[in-house]
Structure formats: structure tokens, C-alpha cells
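Asks: Task: produce atomic coordinates for the following.
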Amino acid sequence: MTEAHKPLPLIEEEKSIFHSISDIPLYACTISTDSKEFLVYNIEDNKICAKIPNPVSFDMTTKGLLCKLNGSQLFYFGGRIQRKKTSGTCLLIDIKAQSVEILPSGRPRFFANPVYFENFVYIFGGSGGPNWDQAASDKFSLRKKKWKRIADLPIPTAQTSTVLFERKILIAGHKLGSILKYDHYKNSYKSLLEISPTSWKILFIFKERCYAVTNDLQCYVSEIKNWKIWNYHGIIDGIILS
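Replies: Model (predicted):
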């Protein structure tokens with residue numbers, strides 16, 4: 001077995017990975033097997049980089065939300081505790097200080113990807129609401145330590161994926177029929193690209209390009225200098241990041 005294909009030690013030794021983030025370095029979080037420690041795993045270095053006493057009384061299981069902030073801080077939110085129970089727990093993790101601060105709880109949800117922009121964390125849609133999929137969206141002020149509801153997504157959807165691209169918040173979702181831009185000044189959404197509303201979508205940034213990939217491997221690309229324009233990249237067959 002090659003070094004690149006060795007199993008990740010955190011996945012082998014601990015219960016579950018909550019969620020990872022599309023940022024550098026890449027992190028994931030979990031709870032130790034005895035539920036006493038909150039663990040932060042650096043995927044890039046292939047090692048646990050923080051072991052912090054678990055600040056909450058329950059074992060947060062899977063599908064929590066994780067977002068890289070400035071410096072060594074991470075923002076953790078939500079997750080699925082049991083099959084029909086969803087968490088609204090909010091934590092500020094400091095890897096360097098090896099500490100966790102409990103923040104005010106928010107709207108319970110999972111299956112959503114938060115994004116950090118200008119001292120706010122934005123969360124769009126997700127699962128766990130009264131009708132399971134949510135349109136409800138919120139932002140959290142890291143300065144005031146308060147939640148505020150923002151405009152709902154056009155339709156309820158889970159599996160939301162968000163990126164900050166050229167200082168623009170872009171959003172994709174399982175049931176969304178387009179890639180959206182959220183205007184934080186006007187608190188409104190604008191469609192940038194029509195895309196299948198029945199496929200899961202992932203947004204990520206690489207070398208000044210934003211990629212949108214669907215679960216059937218259709219790929220769309222936008223350049224940082226022309227972020228309003230999206231071009232069809234074709235069906236992924238091998239490595240596309242070159």
C-alpha cells in the first residue's frame with residue numbers, strides 16, 4: 001500500500017468525521033471514542049492537530065458544518081445527533097490555543113456548507129427543518145456573537161455548497177436549478193448559471209477558477225476575472241485540475 005493510499009488514522013481510530021472544509025489547510029472534526037475529547041484533524045498533514053476537552057454533553061455524531069476563519073480558528077455548527085434529531089450547537093475552535101468556546105445556538109441543521117466573509121459566517125439551507133429540507137438561511141456575527149436570519153433560498157434544499165469567489169458568495173444546492181450569487185448588501189439572490197435541479201453539486205476554487213461539479217460528473221468553470229460567465233467544461237474523465 002502506498003503512502004498516499006494509507007487509511008487516515010482519524011477515520012480508523014475514531015467514530016466519525018463530521019465535515020471537512022474546502023480551504024487550505026483542510027480540516028475535519030470528530031469526538032474521541034470515549035466522548036471526552038474534541039479532535040481536529042489536519043487532512044493535508046495526515047495527523048490530529050488538536051485534542052481539546054469536549055465542551056458539550058452529547059456525542060455529536062455526523063454531518064456537522066465546519067468553516068475556516070482567520071488564523072487558527074474554526075467555526076463548527078450543527079450536525080445530526082440521531083436519525084430524526086438535529087443539533088444547533090455552535091462552537092469556536094482555536095487550534096493554536098487548543099480551546100473551544102461555546103457560542104449561542106442557532107437554527108438546527110446539517111448537510112450545509114458555511115462560508116466566512118467579512119467577520120460573518122453565512123449558512124444557506126440544509127436539512128433538519130420541519131419539512132426536512134430548509135430554505136431558511138442565517139448569518140452569525142463573530143463580533144457581536146449573534147445570529148440573524150437572512151433571505152430564504154428560492155426553494156428548500158439540502159447539500160448546499162458555498163464558496164467565496166472574487167468576494168462574491170456563490171451557492172449551489174441539490175434542488176436549486178441554478179448557481180446563485182448572494183448579495184450581502186441587498187440581502188438577495190441572483191442566478192448565474194442554470195443547472196439541473198435534481199443533481200448534487202459541489203463548488204470549489206482552484207487556481208483562480210471556480211468549478212461546479214454535479215453528481216453525474218458534469219463540470220462548469222468560471223474565471224476569476226469573468227465570474228459572471230460560466231462555461232461548460234464537459235464530463236469529468238480523469239484529473240481536471242491542471
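Asks: Let me see the contact set for the residue lying closest to residue 218 once chain neighbours are set aside.
Replies: Residue nearest to residue 218 in three dimensions, not counting chain neighbours: residue 235, with 6.1 Å by Cβ to Cβ, 6 or more residues apart in numbering. C-beta: built from backbone N, CA, C; applies to glycine. Neighbour list for residue 235: 216, 217, 218, 219 [criterion: Cβ atoms under 8 Å, 6 or more residues apart in numbering].
Asks: What subset of the residues you listed is buried?
Replies: Buried members of those, counted by 16 or more other Cβ atoms under 10 Å: 218, 219.
Asks: Narrow the contacts of residue 235 to those in strands?
Replies: 218, 219 (DSSP state E).
Asks: Distance check, residue 170 against residue 229.
Replies: Plainly put, residue 170 is 13 Å away from residue 229 if you go by Cβ to Cβ, to the nearest Å.
Asks: And residue 171, by the same measure?
Replies: 18 Å.
Asks: ok, the two, which is more surrounded?
Replies: Legend: neighbour count by other Cβ atoms under 10 Å for residue 171 and residue 229, higher for residue 171 (27 against 11).
Asks: In this structure the more buried one contacts residue 124, no?
Replies: Yes - counting by Cβ atoms under 8 Å, residue 124 is a contact partner of residue 171 at 5.2 Å.
Asks: any common contacting residues for those two?
Replies: 153, 160, 162, 182.
Asks: quick one, domains of this structure?
Replies: Structural domains annotated on the chain: 1-103, 111-242, as defined by automatic domain parsing.
Asks: middle-most residue in the chain, spatially?
Replies: Residue closest to the mean C-alpha point of the chain, counted by Cα atoms, centre = their mean, is residue 113 at 2.5 Å.
Asks: That one reaches residue 65, doesn't it?
Replies: Yes - counting by Cβ under 8 Å, residue 65 is a contact partner of residue 113 at 6.9 Å.
Asks: quick one, what contacts the closest residue to residue 216 other than its chain neighbours?
Replies: Leaving aside its sequence neighbours, residue 216 sits nearest to residue 199 (Cβ to Cβ, 6+ apart; 5.9 Å). Contact analysis of residue 199 by Cβ under 8 Å, 6+ apart lists 174, 214, 215, 216, 218.
Asks: again, only using 7 Å
Replies: 214, 215, 216 (Cβ atoms under 7 Å, 6 or more residues apart in numbering).
Asks: What of residue 77?
Replies: 64, 65, 90, 106, 114, 123.
Asks: out of those residues, who's nearest residue 148?
Replies: Within the contacts of residue 77, distances to residue 148 taken as Cβ to Cβ reach their minimum at residue 106, with 10.0 Å.
Asks: so the closest one, which of the three states?
Replies: When classified by DSSP: H, G, I helix; E, B strand; the rest coil, residue 106 comes out as coil.
Asks: Run a quick check on it versus residue 87, I expect a contact.
Replies: No - using Cβ atoms under 7 Å, residue 106 is not in contact with residue 87, being 9.7 Å away.
Asks: remind me which residues of this protein are low pLDDT?
Replies: 1-25, 31-35, 56-62, 82-84, 129-130, 236-242 (pLDDT under 70).
Asks: Apply 50 and report the result again.
Replies: 1-22, 239-242 (pLDDT under 50).
Asks: Which stretches in it count as helices?
Replies: Assigned by DSSP state H, the chain shows helices spanning 9-13.
Asks: dump the residue contacts of the nearest residue to residue 133 once chain neighbours are set aside.
Replies: Spatial nearest neighbour of residue 133, chain neighbours left out: residue 156 (4.0 Å); criterion: Cβ to Cβ, 6+ apart. Residue 156 makes contact with 125, 131, 133, 134, 135, according to Cβ under 7 Å, 6+ apart.
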